[in-house]
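K.L.:
Give me a model of this one.
(one chain, ligands or ions: 2)
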Amino acid sequence: MHFSRRKFLKAGAAVAGIHAVSPVVSWANSPDSLKLKAEVFKQRILASGPETEVWGFNGSVPGPLLRFRRGERVRIGVTNGLHEQGTTVHWHGLRVPNAMDGVPHVTQPPIAPGARFTYEYTVQDSGTFWYHPHQHSFEQVARGLYGPLIVEEERPIEVDREAIWGLSDFKVGSDNQQDNDFGHVRDMANMGRLGNVIALNGIATDADTAFSVRSGERIRLRLLNMASARIMRLRIHGHRPVVIAYDGQAVEPHEEPGGELALGPGMRIDLVLDCMGKPGQRFAVVDLAHKNRQLLTLAYSDESPLRQKPLGAPVSLPSNNLPEPDLGRAGRHQILFQGGMSGRPVIGLVDGKPVKIQELMEKHGLAWTMNFTARHESALTHVPFLRLAQGEHCLLSMINETGFEHPMHFHGHMFRVVAIEGIAPKYPQWRDTVLVGPRETVDIAFVADNPGEWMFHCHILEHAAGGMMGTIRVG
Ligand code: C2O
Ligand code: CU
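P.N.:
Ligands and ions are numbered 1, 2, ... in the order given. From the prediction side, this is the model:
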């Protein structure tokens with residue numbers, strides 16, 4: 001295992017207790033021999049006390065970094081080494097054929113313990129993606145089954161180096177072991193099951209965690225929120241990060257208002273960070289969504305500046321040339337979200353029968369409805385809430401009547417964010433996951449060009465299990 005908590009040795013940070021951000025395990029992949037194994041093992045997540053039992057891929061959380069080239073054909077053998085549960089792997093954000101999408105019961109039977117399944121597809125888009133199981137995901141992802149997946153551009157932008165910040169969280173007790181309270185209705189109807197330890201690349205992170213930079217350098221930073229429920233809003237103090245991609249797709253390079261980098265579960269942001277601080281300086285990286293909790297420290301080494309002015313090279317990424325939806329001829333559809341704790345009274349249909357919210361929660365373990373219907377994961381097959389012809393242009397309004405924010409994710413396609421509360425985003429953007437705020441309406445549009453039955457769900461994984469998931473059938 002290449003995961004170790006290395007001491008931070010640069011002179012400028014020779015302070016007791018400071019440790020460096022651990023890199024993700026990278027993989028010298030030869031395309032024919034990619035193997036992932038979901039398994040149970042121990043990992044040193046916290047600096048002191050016992051190691052934590054986790055579920056992960058190939059002995060590390062996050063799992064190995066998969067790095068592909070655009071247009072490459074890949075084969076990935078997945079073995080289920082878990083003891084009791086079936087599993088699958090979903091390639092979040094990749095536009096793969098439906099049969100390779102890794103959704104149990106919808107696109108494939110779950111991979112039974114001890115069994116193996118080979119995923120094979122052509123990588124269509126460059127960008128920052130990730131992978132995770134879609135089976136019992138509120139438990140399997142929370143326990144550590146996820147990893148980053150990067151598809152290189154044909155001509156990458158010029159930077160001094162690249163770094164990945166894979167963010168997640170763990171809910172652990174004083175014995176450093178994960179709490180077993182997965183799928184609790186209390187979390188389902190609220191903000192999901194939040195961890196008490198934030199992890200960066202699989203290791204607990206806080207103000208004492210140093211991400212070492214050199215004055216003058218330009219870093220391409222890939223942020224991934226792989227947590228099962230935690231919405232994060234990062235701010236890098238003293239810096240002006242330039243956003244160059246959302247969910248792996250190029251966006252016109254820009255700074256976010258207030259420097260706030262919003263990352264719901266599942267979402268990614270690619271940044272260009274020009275480190276223009278002085279040698280020896282330190283800056284906090286905080287989460288504005290959680291009382292400005294400090295997640296790590298940007299620590300400048302004492303080395304002399306690499307350059308005095310930011311690198312002049314352009315930072316805009318090439319487009320993946322996704323099919324552009326034409327709003328003029330798009331069919332209009334709506335999805336209404338209701339439910340949740342203290343949500344307005346709601347009646348949901350479960351298996352076609354009307355059920356009151358109380359009963360929905362107590363008897364059915366469901367807490368949310370989409371278009372008045374709450375679905376269990378097991379009831380998903382062949383009951384799409386939307387049917388689209390192949391090639392149809394679709395404008396979908398998501399109307400959130402709940403008091404909660406939901407990162408809504410669609411499989412097999414990327415979509416345009418057309419409007420948030422009727423206002424077009426300043427920078428046209430493609431996404432596969434978008435945050436829909438409490439009582440907010442978000443309109444998205446896409447060309448339904450990938451045939452099959454595709455999941456549409458909230459990426460707060462307890463919300464998905466609690467009814468906020470369904471499928472859209474294309475073709
Ligand atoms: Cu990240 Cu339906 O998944
Ligand atoms: Cu949600």
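K.L.:
For the host helix or strand of V417, name the packing helices and strands.
P.N.:
For V417, the host element (DSSP states H and E) is strand 415-420. In terms of contacts (3 or more Cβ pairs under 8 Å, 6 or more residues apart in numbering; DSSP states H and E), strand 415-420 is packed against strand 430-431, strand 441-448. To be clear about C-beta, it is placed using only N, CA and C from the backbone, and glycine gets the same treatment.
K.L.:
Show me which residues of the stretch 251-400 of the chain sit near ligand 1.
P.N.:
Counting by Cβ under 6 Å from any ligand atom, the stretch 251-400 of the chain comes close to ligand 1 at G266.
K.L.:
how near is the residue of the stretch 251-400 of the chain at minimum distance from ligand 2 to G192?
P.N.:
Here the stretch 251-400 of the chain gets closest to ligand 2 at one residue, W368, 7.1 Å apart by Cβ to the ion. Computed with Cβ to Cβ, to the nearest Å, the distance linking W368 and G192 is 11 Å.
K.L.:
So for these two, which residue has more residues nearby?
P.N.:
Between W368 and G192, counted using other Cβ atoms under 10 Å, W368 has the larger neighbour count: 31 against 25.
K.L.:
Would you mind listing what in the stretch 101-250 of the chain touches ligand 1?
P.N.:
Contact residues (Cβ under 6 Å from any ligand atom) of the stretch 101-250 of the chain with ligand 1: H132, H134.
K.L.:
ranges for the helices of the stretch 101-250 of the chain?
P.N.:
Ranges of helices in the stretch 101-250 of the chain, per DSSP state H, counting those that start in this stretch, are 137-140, 185-188.
K.L.:
How about the stretch 251-400 of the chain?
P.N.:
In order along the chain, the stretch 251-400 of the chain carries the following helices (DSSP H, counting those that start in this stretch): 357-362.
K.L.:
Any regions of it where pLDDT drops low?
P.N.:
Residues of the stretch 251-400 of the chain that meet the criterion pLDDT under 70 lie in 343-345, 377-382.
K.L.:
at 90 what do you get?
P.N.:
Applying pLDDT under 90 to the stretch 251-400 of the chain flags residues 313-314, 340-367, 371-385.
K.L.:
Please enumerate the strands of it.
P.N.:
261-263, 268-274, 282-287, 293-300, 331-339, 347-350, 353-356, 368-370, 386-388, 392-400 (DSSP state E, counting those that start in this stretch).
K.L.:
Most tightly packed of the ones you listed?
P.N.:
Neighbour counts averaged per stretch over those are highest for strand 368-370, at a mean of 27; criterion: mean count of other Cβ atoms under 10 Å.
K.L.:
Next one: E162 from ligand 2, what distance?
P.N.:
Using Cβ to the ion, to the nearest Å, we find E162 at a distance of 31 Å from ligand 2.
K.L.:
since we're on that residue, how many residues are nearby?
P.N.:
Number of residues near E162 (other Cβ under 10 Å) recorded here: 13.
K.L.:
Then the one 10 residues further on?
P.N.:
The number of residues packed near V172 is 18, by other Cβ under 10 Å.
K.L.:
before we move on, what about the one 3 residues further on?
P.N.:
Burial measure for D175: 9 neighbouring residues, criterion other Cβ under 10 Å.
K.L.:
cool, A445 as well?
P.N.:
Under the criterion other Cβ under 10 Å, the count of neighbours that A445 has is 20.
K.L.:
so who does it touch?
P.N.:
P325, L327, A330, H393, C394, L395, L396, F415, R416, V418 (Cβ atoms under 8 Å, 6 or more residues apart in numbering).
K.L.:
same thing but 7 Å
P.N.:
Taking Cβ atoms under 7 Å, 6 or more residues apart in numbering as the contact definition, A445 lies against P325, L327, A330, C394, L395, F415, R416, V418.
K.L.:
quick one: contacts for the spatially closest residue to it that is not a sequence neighbour?
P.N.:
Leaving aside its chain neighbours, A445 sits nearest to P325 (3.9 Å; criterion: Cβ to Cβ, 6 or more residues apart in numbering). With Cβ under 7 Å, 6+ apart as the criterion, the residues that contact P325 are H393, R416, A445, F446, V447.
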